[in-house]
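Undergrad: what would the 3D arrangement of this be:
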Amino acid sequence: MRQPSGAFTMCEDGEEDTRAVYCAVAVATLLDIPLSPLFDLAPDWLSDCQTYEGGFGAIPGAEAHGGYTYCSFTALYLLNKPTQCRLNDLCRWLSFRQMRYEGGFQVGIARTTDR
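TA: Next up is the predicted model:
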């Protein structure tokens, strides 16, 4: 369900987060539903979810996480707005999440790898 902020929820009175935006954009894209005006505010909201580190959190001000980063950037890409985020910071954050010795991807700072 679209919220005035540009975010989406999965159900009535549900929490807003980037997963819901991604799911809504993905479904609309698959079903060839026009993206405008339904998602006009979503890129701004998603950009607000990008942290100072470069990754994306679930909501504005939340800690960056690999899953939310995937949902946020993929939604921006599907909305043809990938440059609305700080791409250099995102690439840096992502590259630092690949762990050399463990051989996996770390979903967040100071977390173990997910293999």
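Undergrad: quick check: the residue nearest the centre of the chain vs Arg100, distance?
TA: Nearest to the mean C-alpha position of the chain, counting by C-alpha atoms, centre = their mean, stands Ser72 at 1.5 Å. Between Ser72 and Arg100 the computed distance is 26 Å (C-beta to C-beta, to the nearest Å). (C-beta placed from N, C-alpha, C; glycine too.)
Undergrad: what about the helices in the chain?
TA: 18-30, 42-48, 66-78, 87-97 (DSSP state H).
Undergrad: okay, now the unreliable bits of this structure?
TA: Low-confidence segments of the chain (pLDDT under 70): 99, 101-115.
Undergrad: can you get me a residue count around Ala64?
TA: 23 (other C-beta atoms under 10 Å).
Undergrad: run through the residues that contact the nearest residue to it once chain neighbours are set aside.
TA: Nearest in space to Ala64, with sequence neighbours left out and distances taken as C-beta to C-beta, 6 or more residues apart in numbering, is Gly55 at 2.8 Å. Gly55 is in contact with 64-66, 68-69, 90, 93-94, 97, 108, counting by C-beta atoms under 8 Å, 6 or more residues apart in numbering.
Undergrad: in terms of distance to Ala7, which of those ranks first?
TA: Tyr68 (12.5 Å; C-beta to C-beta).
Undergrad: quick one: the closest one from Ala28, how far?
TA: Taken as C-beta to C-beta, the span from Tyr68 to Ala28 is 20 Å.
Undergrad: now Ser72
TA: 16 Å.
Undergrad: next one: Gln3
TA: Going from Gln3 to Ala28 by C-beta to C-beta gives 16 Å.
Undergrad: what do you get for Gln84?
TA: 18 Å.
Undergrad: give me the contact list for stretch 11-31.
TA: By C-beta under 8 Å, 6+ apart, stretch 11-31 touches 1-3, 5, 7-10, 33-35, 38-39, 42, 45-46, 49, 56-59, 67-68, 70-72, 74-75, 78-79.
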